[in-house]
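K.L.:
Predicted model, plus sequence, below.
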Protein chains: 4
Amino acid sequence: MIYFNNDYCEGAHPQVMEKLLTTNMVQTIGYGEDQYCEEATRLIREKCGRADIDVHFLVGGTQTNFTFIASALRPHQGVISADTGHINVHETGAIEATGHKVLALPSPDGKLTAAQIQQVCDDHFGDSTHEHMVQPKLVYISNPSEIGTIYNKAELTALHETCRKNDLILYMDGARLGYGLSAPDNDLDLPVIAELCDAFYIGGTKIGLLFGEALVICNERLKPDFRYIIKQRGGMLAKGRLLGVQFTALFEDNLYFAMARHANELAMLIKEACIKKGYEFFIDSTTNQQFPILPDTVLEKLSEDFVYSYWQKIDDQRSAVRFCTSWATLPENVQQLIAAIEKL
Amino acid sequence: MIYFNNDYCEGAHPQVMEKLLTTNMVQTIGYGEDQYCEEATRLIREKCGRADIDVHFLVGGTQTNFTFIASALRPHQGVISADTGHINVHETGAIEATGHKVLALPSPDGKLTAAQIQQVCDDHFGDSTHEHMVQPKLVYISNPSEIGTIYNKAELTALHETCRKNDLILYMDGARLGYGLSAPDNDLDLPVIAELCDAFYIGGTKIGLLFGEALVICNERLKPDFRYIIKQRGGMLAKGRLLGVQFTALFEDNLYFAMARHANELAMLIKEACIKKGYEFFIDSTTNQQFPILPDTVLEKLSEDFVYSYWQKIDDQRSAVRFCTSWATLPENVQQLIAAIEKL
Amino acid sequence: MIYFNNDYCEGAHPQVMEKLLTTNMVQTIGYGEDQYCEEATRLIREKCGRADIDVHFLVGGTQTNFTFIASALRPHQGVISADTGHINVHETGAIEATGHKVLALPSPDGKLTAAQIQQVCDDHFGDSTHEHMVQPKLVYISNPSEIGTIYNKAELTALHETCRKNDLILYMDGARLGYGLSAPDNDLDLPVIAELCDAFYIGGTKIGLLFGEALVICNERLKPDFRYIIKQRGGMLAKGRLLGVQFTALFEDNLYFAMARHANELAMLIKEACIKKGYEFFIDSTTNQQFPILPDTVLEKLSEDFVYSYWQKIDDQRSAVRFCTSWATLPENVQQLIAAIEKL
Amino acid sequence: MIYFNNDYCEGAHPQVMEKLLTTNMVQTIGYGEDQYCEEATRLIREKCGRADIDVHFLVGGTQTNFTFIASALRPHQGVISADTGHINVHETGAIEATGHKVLALPSPDGKLTAAQIQQVCDDHFGDSTHEHMVQPKLVYISNPSEIGTIYNKAELTALHETCRKNDLILYMDGARLGYGLSAPDNDLDLPVIAELCDAFYIGGTKIGLLFGEALVICNERLKPDFRYIIKQRGGMLAKGRLLGVQFTALFEDNLYFAMARHANELAMLIKEACIKKGYEFFIDSTTNQQFPILPDTVLEKLSEDFVYSYWQKIDDQRSAVRFCTSWATLPENVQQLIAAIEKL
């Protein structure tokens, strides 16, 4: 069986494991105040082109999302998200468990537009009974989105401006950020994101680490006391060094982007094979997640050798599925998949 | 100016005030353990035809909703509600503030169907990754709904059965319950509701009391320790007697239903006047809230003498508005409104 | 039976009831935006000698405490309180239910000292692992305290200065504030309290209202969006006018302080009778709550005619109890109690 | 510098690292449903002598505590803990952030007694106003305690019986459980703990893993839906395999207890050296944490070569400090420390 169902089927990239091994017996202080976290912070600041950002290392994506949101909002404030957003669907109500409503907006392509945000603000603040409704305060976007689409610079700038105008916080979930920034049609980079977002995270779990996400807080007002909140929400690893070591491995020689490019390139091969075969797509993605719409008969056959994620039924005869590549995906496995697709 | 904008513009019905006055200097113990609360409980049990229900008196509707829901659910469980439901829109995220997600379903008529509930359960429990999503556990309905529509016995029975089948709790928000049970097309009554719902509340604030809602818990499993939760959530009035006294006034001679009928009858007059004039309705309501769609020019004129609630824009020339009647509405004021409508 | 067990055995002072009656049929807008709330706000601002304070009317004390605290704190911040504080003992964990720890300090007299507060700050911020502990941020005091003692101006000034120095919020629970400000040894008044506290509330439930507490927010930083939080936590009464009407009755002719003085004077008579008889006191209180230590044999006899609150066992033969007076206490009932004490 | 300040200064035991390496490229499904978690669960069930226990792997101790407690309690229920308990002091209010009060009891030796628990229950349920107070429901103990002391079988049995009698949940924080079960004076083992506790966790972070705690739920009523809560609270690792792999390494050949014994033996050497020198102890510990009371002059000297944790000031000339050993502590480093102590 060859797994294409997600991008976290294996452990960590060998360079990451190597670094964990060679530092294993070094004694450090705990809770992320060690030299490795310091070095990883330095590297991330360098990549973002800014010395004034705060960098915090957390264990997982759900944890990073709710910890940041819990820290940023007052009790009556809510989070605007695409209805397909991870926080709205796949975090078992983690945001609500911190007391905040997710205000879900329809989004066929997994992205939010500045116009949508402005409309929410107009509706809310224009209403004389707005105190009876949740106050929109934070805009949650994912880049790439849950379905692999990415924001371009113009879109992100528009969101940024709308947020500034309405005093909203713009937060980017970057669980798969590397894949987005390495996409062929991408025009964003870390410095631009650090300029346009109040906070965002650079995902490690889905791009080559055992685990770990690097939260970057750019907005001065959101920085105070954040480590208290990390501790309270269970995100402060006793051996915080593990995160520092791993992120150092990611960024000291651009391994992060190299891995992402590898995954994207293999994903494009799958995409092309499907296109050639005349298959449609659930969504046009340029990153490591591909969502072809395949005949159920083909899917049945493919599932003898390959594992993919079932996405949704399209009609009586076809379903959308997800094929995921990662740093660990072997080109020969992709070739095997393509051969199977071509043959069917 | 004559107010038709809501059903809580005045204080309490004179009989209620009278009873508050005559009992004012009697010394009682506090926190709802007095003789008046006991008597009101006895009366409500009698009206519901069941001695085994728990009755708790709370101050307001939002408070009653979140107190019951906080008591009934475990942290990972959510509430299914119509997207127009009061808890989803007009309680400033009170449910989320207790940690629970509201799972909002589309509902043009303000009601939920058994089929919708079953679909949510099928989707959730059929999904292999359901642990990543909020578990549906409680169905919140309002009767009448936010837009004045009511459930009939067949619909409520179907909801009840679907809830039993899927181990869901069925809870009815009865902020305006009296208006619903007094509607011309109603076939429900308190004993049937007590049989089909796990819990519901009989609203007093909007039907003649200064304030107060009587929560009825029918399901044995939901009863333990409820008074702790009331206290914790701020709903335990030191002078709890005030609720007992008021609800005794409501039910000792059926004042509750008399007031509701009065309001409904006046609402029907307004409805007929609009129909006669050829106006359409946003929704067909048989209770004390009427939602005619009126030309904006007419509305402008009406607003010189009458206060109504603006509901929503329908097209370039027309808007839906709400006219509300109550126990306190004077027939002559309704006649004045009708005359104005007929003239315009 | 004559009740001395608490100060909320009856309904409201007749002048309050009268005002509720005469305004009963006036139509107003809801949720505390009516003319009565406006007038009550004006009166309270006048009494406090400041036009720049925000006044909000809530229903009960527990609700007022947790609503204000929820609004004021970030998730990692806690509340310093005397271990006997109402929020620490008698609110069923309402503060914790909003997510915040109560940091309880020992306090034999029910009060906190500036030195205690400073020590908590020194311990917390001096510790290198302070991120692992709750950050002290709000000081909760009650005046009078749970056991009837009061703060003088020097003590409150010292607390104020310590809070300023350590960037803490000073909040006074004034459930019985009137009794405190009317005590013979009191040197505080509303303007001084408004100057020294960041927020406080003027309790109505225990001084002559049916219910109601007036929260005064003095610190500019704590004002924004407070009405959202009231709504979310269930404190926004649909017929908010009821609070405006009642507080207007309290303050338009100083009824509030007249009632408190009445209660205090009667309490002093009880106190003197006990002293004359040679009984000790659990605590020396100059307000409407008196805590004599009486022989259990005497208590048994007294309980035939009088209801009091049992406080705690002192030794094998004696217990401390609480006698409470209020605006409603009849002088002849106090005389009867005194006669009984003298006789025993 | 030689670190004795805690037991998590290094990475993981080499056998653990080895197993992570050799399994690194195996493709597995995510979220703890892989073969390694299955195997680790099997091993832990075997060690506990029971097939009917649920085993869940979480990342850290604070997370494990609040996730279990959030799952087990209703909103009005609280946790009884020693005042020195980790949840009461060093988790930044994580339990309160889930809505629950910690009811702290004085405990000079870091342990709770059955008599203390019974007293809390008598006080609470005997009081007529108990609905105004937090309901005690869960007893949190740590074994070893925060200061290295351990429970014996008689004590744990008494706690168990008191909990059964009062319908309380008994939960053991086993962050350092291995050290406790390997102490010379210990008479507990995993099967007995699984019999007497409703739930407990076997700590990995402080005994040789990179990270990871294995929560064991023994009580049937506490098992349902626990994975939902793990996900919601951020404890569900995408690469859950990492926990399965590590715990398999710990238990497939008793590495866990071998490491703990190693640490305890070295701790005893430090203890003896202090005793020989005539130093007193803050507490008599038989596990890997030792708390000698040393002259400040000696401490100053020692700190040139050794890192320890400062515990507390004892008098003008002496302080209690903590020396910690672990699986990674080198015997020669302990000898160096002892030599230094002897010399001073």
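P.N.:
Perfect, thanks for sending it.
K.L.:
gap between the closest residue to chain D within the stretch 201-344 of chain A and D:Thr64?
P.N.:
When scored by C-beta to the nearest C-beta, the stretch 201-344 of chain A has A:Gly234 as its residue closest to chain D, at 3.2 Å. (Glycine included, C-beta is placed from N, CA and C.) A:Gly234 sits 8 Å away from D:Thr64, going by C-beta to C-beta, to the nearest Å.
K.L.:
what do you get for A:Asn152?
P.N.:
Using C-beta to C-beta, A:Asn152 is found at 42 Å from D:Thr64.
K.L.:
Isn't the residue of the stretch 201-344 of chain A closest to chain D up against D:Thr92?
P.N.:
No. In this structure, A:Gly234 is not within contact of D:Thr92 by C-beta atoms under 8 Å, at 10.0 Å.
K.L.:
ok so, going back, now do the shared contacts for A:Gly234 and D:Thr64.
P.N.:
Common contacts of A:Gly234 and D:Thr64, defined by C-beta atoms under 8 Å, 6 or more residues apart in numbering or on different chains, comprise D:Gly235.
K.L.:
Sheet-wise, list the partners of the helix or strand hosting A:Ile80 with their directions.
P.N.:
Take DSSP states H and E as the rule and A:Ile80 turns out to sit in strand A:77-82. Here strand A:77-82 is paired, per DSSP bridges, with strand A:102-105 (parallel), strand A:135-142 (parallel).
K.L.:
Same list (these) but as JSON lines, adding mean neighbour count, distance to B:Ile193 and mean pLDDT.
P.N.:
As requested, the strands paired with strand A:77-82 are exported to JSON lines (neighbours: other C-beta atoms under 10 Å in any protein chain shown; distance: least, C-beta to C-beta, whole Å; pLDDT from 0 to 100):
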{"stretch": "strand A:102-105", "mean neighbour count": "21", "distance to B:Ile193": "32", "mean pLDDT": "98"}
{"stretch": "strand A:135-142", "mean neighbour count": "24", "distance to B:Ile193": "35", "mean pLDDT": "98"}
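K.L.:
Turn those into CSV, columns for distance to B:Phe125.
P.N.:
Compiled in CSV, the strands paired with strand A:77-82 are given as follows (distance: least, C-beta to C-beta, whole Å):
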stretch, distance to B:Phe125
strand A:102-105, 22
strand A:135-142, 27
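K.L.:
and the residue of chain A positioned farthest from its centre, which of the three is it?
P.N.:
Distance to the chain centre peaks in chain A at A:Ser128, reaching 36.9 Å (criterion: C-alpha atoms, centre = their mean). At A:Ser128 the chain is in coil, as set by DSSP: H, G, I helix; E, B strand; the rest coil.
K.L.:
Now do the contacts for it.
P.N.:
If a contact means C-beta under 8 Å, 6+ apart, then A:Ser128 has no contacts.
K.L.:
now swap in A:Arg241 and tell me
P.N.:
Contacts for A:Arg241 (C-beta under 8 Å, 6+ apart) come out as A:Thr23, A:Val26, A:Thr28, A:Gly30, A:Gly32, A:Asp34, A:Tyr36, A:Cys37, D:Gly11.
K.L.:
Chain C contacts on the stretch 201-344 of chain A?
P.N.:
By C-beta under 8 Å from any C-beta of the partner chain, the part of the stretch 201-344 of chain A that sits against chain C consists of A:Asp225, A:Arg227, A:Tyr228, A:Ile229, A:Lys231, A:Gln232, A:Met236.
K.L.:
my guess is A:Asp109 meets A:Thr149, correct?
P.N.:
Yes. Using C-beta under 8 Å, A:Asp109 is in contact with A:Thr149, at 5.1 Å.
K.L.:
between the two, which one's more packed in?
P.N.:
More crowded of A:Asp109 and A:Thr149, by other C-beta atoms under 10 Å in any protein chain shown: A:Thr149, with 22 against 15.
K.L.:
Pull the contacting residues for the more buried one.
P.N.:
Listed by C-beta under 8 Å, 6+ apart, the contact set of A:Thr149 reads A:Asp109, A:Gly110, A:Lys111, A:Ile283, A:Asp284, A:Ser285, A:Thr286, A:Thr287.
K.L.:
and what of A:Phe282?
P.N.:
A:Phe282 sits next to A:Ile147, A:Phe291, A:Pro292, A:Ile293, A:Trp311, A:Gln312, A:Ile314, A:Ala320 when contact means C-beta under 8 Å, 6+ apart.
K.L.:
Phi, psi for the fifth one please.
P.N.:
So that's A:Trp311. Main-chain dihedrals, A:Trp311, degrees, to the nearest 10: phi -100, psi -70.
K.L.:
Excluding chain neighbours, what is closest to A:Trp327?
P.N.:
Spatial nearest neighbour of A:Trp327, excluding adjacent residues (C-beta to C-beta, 6 or more residues apart in numbering or on different chains): A:Met259 at 3.5 Å.
K.L.:
how much space between that neighbour and A:Glu39?
P.N.:
Relative to A:Glu39, A:Met259 is positioned 20 Å away (C-beta to C-beta).
K.L.:
For the most centrally placed residue in chain A, give me the backbone phi and psi.
P.N.:
For chain A, A:Ala175 is the residue whose C-alpha lies nearest the centre (C-alpha atoms, centre = their mean; 2.2 Å). The phi and psi values for A:Ala175, taken as degrees, to the nearest 10, are phi -50, psi -40.
K.L.:
Spatially nearest residue to it (excluding sequence neighbours)?
P.N.:
Excluding the flanking residues, the one nearest A:Ala175 by C-beta to C-beta, 6+ apart is A:Gly203, at 4.0 Å.
K.L.:
If I follow the layout properly, the one you found ends up in contact with A:Gly61?
P.N.:
Yes. Contact criterion C-beta under 8 Å: A:Gly203 and A:Gly61 qualify, at 6.5 Å.
K.L.:
residues shared between the contacts of the two?
P.N.:
With C-beta under 8 Å, 6+ apart, A:Gly203 and A:Gly61 have common neighbours A:Ala175, A:Glu213.
K.L.:
list the contacts for the residue nearest to A:Trp327?
P.N.:
Under the criterion of C-beta under 8 Å, 6+ apart, the neighbours of A:Met259 are A:His13, A:Gly178, A:Ile207, A:Gly208, A:Ser326, A:Trp327.
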